[in-house]
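1. Sequence first, then the predicted structure, then my questions.
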Amino acid sequence: MRIVIGEGSCGIAAGAEKVYKSLKNTDVSCDISITGCIGMCYLEPIVDIYDDENNLTRLVKVSEADAPKIAEYVKTCDKNAVKDLIVSDEDSEFLTKQTRIALRRCGIINPEEISAYEEADGYTALKKALCEMTPEEVIETIKVSGLAGRGGAGFPTWFKWNAARQSEGEEKYLICNADEGDPGAFMDRAVIESDPHNLIEGMLIGAYAIGAKHAVVYVRAEYPLAIKRLKRAIEQASEKGIIGNNIFGSDFSCDFTIKAGAGAFVCGEETALIESLEGHRGMPRLKPPFPAQSGFWRKPSNINNVETFANVSWIINNGGEAFSAMGTEGSKGTKVFAVTGKVKRSGLVEIPMGKTLRDVIFDIGGGMKGEKEFKAVQMGGPSGGCIPKELIDTVIDYKALGATGAIMGSGGMVVMDESTCMVGMAKFFLDFTAKESCGKCIHCRIGTKRMLEMLDRITKGEGKEGDIELLEELCYSIKDGALCGLGQTAPNPVLTTIKYFRDEYEAHINDKKCPAGECSDLIEYRIVADKCKGCTLCARNCPVDAISGTVKQPHKIDTEKCIKCGKCYSSCKFDAIVKE
């Protein structure tokens, strides 16, 4: 038998490292190793046990106190020892209903050992490309596949590669954008932490295709585990001659470097990323020229994100036709989503394009927590938009999502229920983009600030007649005038919430009420005397002593003292406290 413990960032945060150490301290004689995140983040820590015939028993929500049980199971093979930890059939469907290409090895192999990657057909695609294909044939295969950039814009990958290849000059650069900054998005982080050699292999194939001898990974410094494992993977690949000179005996040579970014969201825009790579402040350049003609150090450069490169080796090994057979006419292959928010099963989901939002949220994600009503889903992060429940059957492809006012984006999918204030949600994302604006252009620097001020007034009950119309006018002015994608897409959350939830804006402005009961300035807590049992639980949980009353007698809230934290509301067991 062998034991494999999921040690992605989510697993470690949930206690996987403690589980690993506790298992090491038992008298279990089998091999104990680690893997990355398999995507079932809501069930971490996860421990996979493989028997001698490679049959899997998956244990979930494991704690260090469970080590003796696991040791007993390994010794006796009696599943009764761990029956309370075995993943349910229902939760197993989270993975079985997916189609995994970019994530195919995540949570399965040891990300810190190159041998594990090679045993799983690693670097076979690179060898095939270098020894059996010309750079033009590689680009043609990517063209046939229909692979589009997975960073958000969905631009054809082959076109960018071909443009960089045709650019004159001996010195060219291939750059990976791993500056994943969307709130709620963690796809790229998981791929690097769980399968770093897959990124390296995809990048080396891309570098060969465009004629680049230098590969650079621009990754945010807030991903220390991803950086650590990627560095180790680069060292291992270099030791084996997979990175360096005359790779696999070919004429192709390429080196690798890692640049840790400071976490500026605007550096997700390719020209701002290049500026940051060169040591300058991350601010976008005017285009043209495009990076394919004049990029890093003014040399021809190509930039794709992590997920795009994670598909490349599979396409080379299986053919472009196999990839294009999945998806829709205009959106080929699979797409990875980070599903978060008010959904039961949060984590990483990879599905063929053409599935619907309902398929992801309800079929794979298990529906809403607490059986509350689905309200909306935010697609594309701060650059995307909110899609309401009426459009839950929207097909997941670039065109269909764009028609709703949202975008595919890098793959963040934040699910919201009836308790979410849509005005507050728009304010949250706009607050993010306003802070992340580089300030280069006035429309983005000043416009987002003015919009945020208006949304702040509205959520405080200080909205005025005409605010909605003024917000819309500002949105379109910023979209038209901003220099880069950050400013051009920043109004999307506001525009889509106004489009689909205008009644909530009107309630905040005209009635001074928050229908979702989320804006603290517009709500008030009150105790219903007939329901109050006088248990004193609410009074004991109130941090400002705003609740008074005697035992077994109805209590009362002093609205002057109340800070509207909601502690009383959530602690009451008799539904005696109402939020108005």
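-> Received the coordinates, thanks. Numbering: from 1, shown residues only.

2. Confirm for me that Lys97 is in contact with Val360.
-> No - contact between Lys97 and Val360 fails when scored by C-beta atoms under 8 Å: they sit 9.5 Å apart. All C-beta atoms are positioned from the backbone trio N, CA, C, and that covers glycine.

3. what about those two, which has more around it?
-> Val360 (22 against 15; other C-beta atoms under 10 Å).

4. just the strands in the stretch 401-550 of the chain please.
-> 412-417, 525-527, 547-548 (DSSP state E, counting those that start in this stretch).

5. CSV for those strands, including distance to Gly381 and mean pLDDT?
-> Compiled in CSV, the strands of the stretch 401-550 of the chain are given as follows (distance: least, C-beta to C-beta, whole Å; pLDDT from 0 to 100):
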stretch, distance to Gly381, mean pLDDT
strand 412-417, 4, 95
strand 525-527, 33, 93
strand 547-548, 39, 95
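
6. and the residue nearest to the spatial centre of the chain, how far is that from Met203?
-> In the chain, the centroid-proximal residue (C-alpha atoms, centre = their mean) is Ala185; its distance is 2.0 Å. Per C-beta to C-beta, to the nearest Å, Ala185 is found 21 Å from Met203.

7. quick one: pLDDT of the nearest residue to Cys562 once chain neighbours are set aside?
-> Spatial nearest neighbour of Cys562, chain neighbours left out: Ala546 (4.5 Å); criterion: C-beta to C-beta, 6 or more residues apart in numbering. Looking at Ala546, its pLDDT reads 95.

8. mind starting the numbering at 10 from now?
-> Yep, numbering from 10; the last one is Ala555 now.

9. mind listing the helices for the stretch 410-559 of the chain?
-> Remark: helices assigned in the stretch 410-559 of the chain by DSSP state H, counting those that start in this stretch are 431-445, 451-468, 476-490, 494-498, 501-509, 511-515, 546-550.

10. Figure out which of those helices is closest to Ala22.
-> Of all these, it is helix 431-445 that lies closest to Ala22, at 22.0 Å by C-beta to C-beta.

11. residues in contact with the residue lying closest to the residue nearest to the centre of the chain once chain neighbours are set aside?
-> Nearest-residue entry for Ala194: Gly421, 3.7 Å, with adjacent residues in sequence omitted and distances by C-beta to C-beta, 6+ apart. Contacts for Gly421 (C-beta atoms under 8 Å, 6 or more residues apart in numbering) come out as Asp191, Pro192, Gly193, Ala194, Phe346, Ala347, Thr349, Gln387, Met388, Gly389, Gly390, Gly393.

12. what's the second one in contact with, if anything?
-> Meaning Pro192. Contacts of Pro192 (C-beta under 8 Å, 6+ apart): Gly390, Pro391, Gly421, Val423, Phe437, Phe438, Phe441.

13. how about the spatially closest residue to the first one that is not a sequence neighbour, what does it touch?
-> Nearest non-adjacent residue to Gly390, counting by C-beta to C-beta, 6+ apart: Asp191, 3.0 Å away. For Asp191, the residues meeting the contact criterion (C-beta under 8 Å, 6+ apart) are Gly389, Gly390, Pro391, Ser392, Gly418, Ser419, Gly421.

14. Doesn't Asp191 lie inside a strand?
-> No - per DSSP: H, G, I helix; E, B strand; the rest coil, Asp191 lies outside any strand segment and is coil.

15. State the distance from it to Gly161.
-> 9 Å.

16. repeat for Ala22
-> 26 Å.
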